[in-house]
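[1] Take a look and give me a structure for this.
(2 chains)
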Amino acid sequence: MSHHIVAVEDLKFNYPDHTPALKGLSFTIYHGESVAIVGANGAGKSTLLLHLNGFLAPTNGQVRIGDSLLTCDTLQEVRRTVGMVFQDPDDQLFMTTVFDDVAFGPLNLDMTPEEVKKRVEDALETVGVTDLAERPPHRLSTGQKRRVAIASVLSMAPDILVMDEPTAGLDPRARRRLIELLATFKHTKIIATHDLDMVMDLCERTIVMHAGEIKADGRTTDIFADNDLLKSSRLEKPLRMQGCPACGG
Amino acid sequence: MCISSRIDKAFYDIGRLDILALADTPLHRLDPRAKLLATLVFIVCVVSFGKYEISRLLPFSLYPAVLIGLGDLPPGYLAKKLIMVSPFVIFIGIFNPWFDQTVMFTIGPIAISGGWVSFASLIIRFILTVSAALILIASTGFAPMCMAMEKLGTPKIFAVQLLMLYRYLFVLIAESLRIVRAHSLRSFSRKGKITYRVFLQIAGNLLLRTIDRAQRIHMAMLSRAFTGEIKIVRQFSFGYKEWLFAAGFSVIFITMRSADIAGLLGRLLMEIK
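    You can find the predicted model right below:
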């Protein structure tokens, strides 16, 4: 396997009404990297993520995952390599029990029932929800749903995890536990988010998007130190990098 | 009660059947297929009686009663569910007494017409069949039941449709609940009443949201290597207990259907006297 794992070259995408959504993005993400994609609402983050899994076909440019160029022929292989965690777990958990949901991917990959069972148990254990296996997903809390959604992707043993707003809607403790969990993963991670404090914990590299373009791509600490860049991209410094409003420190 | 809190309640109520299905009793442990088969035979037997039949229907109440005992199910809750659906049946049968006024028998000075008898028969059948179906779901859970249907030969596409329908019923209710709530928050003078015009908008909105969600779900399925067929691992074991349950109850139902047990018992009692 080559050492670069996600390569996007001059990616352009227009909506069917010809409104440009992505205006020529290029970047390469290497094996084991953890990269945040940040930007204002409507900057094109979600549209970009949908290209990494072949849900949207680029108007121009190309996406390369591992050694394969993303085309109709490589779609299935790419989707196994890239595990996508959706923003709303209710979209992701469509089966009637947690077990069946986590087993969905492995079953489609034609594994034996024993192997599927092992995969499901391992995935549930990794995210710490083994006791929820027989529960219907709609009766879980948002935090539990999010963990199960991640398990449902882990069970396919992807190399790359793509996540859209993984901490949205979580209470502070659930958020903290999720961040700790994600930090233990060895996968290449691509995380689109507004939670810049999480970015500081998880991602050494940040890509800033604005109006369909990449405005900056570099070390997280450098990017968050650049006030002008943040301001022009409609972002703010992570809370922990801001002065203390109570003590003025 | 206002509209939104009624929907709220319905929401939690449907979920309660799922919770009941999580219990661990002899009835819950049976293979769903056994329960499904016995319930089907039960329903066919009950429904196939003539329209004036009452006395021969009564022994069939044995089945729901035994199952409630075996499965440790709350009879009060099931009764409430029955009452909730009952208006439909009452509406179907309520005109019988007008159309069918031939006197069947008299109790003292009161003449009972065929219409009233058939109405009563209809209600009893409704109580028996619907309670059997409710017990089936409360002791099995919806998902295992769909899988049992599939194992018993229902086309896979129907079983899967039913599964998905059940899964998203809750999401759809929650979604409608949010819209209705948002509406009632800003409809002061109307007290949350939804006019026809607004209803159309809400329904349209719900449809669009549903289509969007369907698209996202489809993407989630595709990203997990979905190729058009939903596969489920589930071990079913049809052992001697299942045979005993399904065959035993079927024999009892068919006997009660073909022989007049109630009458027989009655005559037996009379002779002893």
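[2] For the strand or helix carrying residue B:176, buried residues please.
    In the assignment (DSSP states H and E), residue B:176 maps to helix B:156-185. By neighbour count with 16 or more other CB atoms under 10 Å in any protein chain shown, helix B:156-185 contains the buried residues B:159-160, B:162-164, B:166-168, B:170-171, B:173, B:175-177, B:179-180, B:183-184. C-beta coordinates here come from the backbone N, C-alpha and C atoms, glycine included.
[3] Just confirm yes or no for stretch B:197-216 near chain A.
    Yes - Stretch B:197-216 is in contact with chain A by CB under 8 Å from any CB of the partner chain, via B:213, B:216.
[4] coming back round to it: check which helices and strands the helix holding residue B:176 sits against.
    helix B:3-21, helix B:142-151, helix B:196-222 (3 or more CB pairs under 8 Å, 6 or more residues apart in numbering or on different chains; DSSP states H and E).
[5] Per-residue confidence, residue 117, what does it come out as?
    Because you didn't say which chain, this covers chain A. pLDDT for residue A:117: 93.
[6] Actually, chain B is the one I wanted.
    Looking at residue B:117, the pLDDT reads 90.
[7] Summarise which helices and strands the host helix or strand of it is packed against.
    Here residue B:117, judged by DSSP H and E, is contained in helix B:114-140. Counting contacts by 3+ CB pairs under 8 Å, 6+ apart, helix B:114-140 packs against helix B:3-21, helix B:26-29, helix B:32-47, helix B:62-71, helix B:75-93, helix B:96-99, strand B:103-107, helix B:142-151.
[8] chain center to it: distance?
    Helix B:114-140 has its C-alpha centroid displaced from the chain centroid by 10 Å (CA atoms, centre = their mean, to the nearest Å).
[9] Can you point out the buried residues in that helix?
    Within helix B:114-140, the residues that count as buried by 16+ other CB under 10 Å are B:114-122, B:124-132, B:134-140.
[10] How about stretch B:101-115?
    For stretch B:101-115, by 16+ other CB under 10 Å, it's B:113-115.
[11] got the angle between the helix holding residue B:117 and helix B:32-47?
    Orientation check (axes from the mean of the first three to the mean of the last three CA atoms, to 10 degrees): helix B:114-140 against helix B:32-47 gives 180 degrees.
[12] how long is stretch A:214-224 from one end to the other?
    End-to-end span of stretch A:214-224 (CA to CA, to the nearest Å): 15 Å.
[13] Find the residue closest to residue 75 in space, skipping its chain neighbours.
    In the absence of a named chain, chain A is used. Distances taken as CB to CB, 6 or more residues apart in numbering or on different chains place residue A:54 nearest to residue A:75, at 4.9 Å, with adjacent residues excluded.
[14] um, chain B though
    Sequence neighbours aside, residue B:68 is the residue nearest to residue B:75 in space, at 5.5 Å (criterion: CB to CB, 6+ apart).
[15] Likewise for residue B:18?
    For residue B:18, the closest residue by CB to CB, 6+ apart turns out to be residue A:136, at 5.5 Å.
[16] how about the residues of chain B that lie near chain A?
    Contacts of chain B with chain A, taken as CB under 8 Å from any CB, map to B:15, B:18-19, B:22, B:142-143, B:146, B:163-164, B:166-168, B:170-171, B:213, B:216-217, B:219-227, B:230-234.
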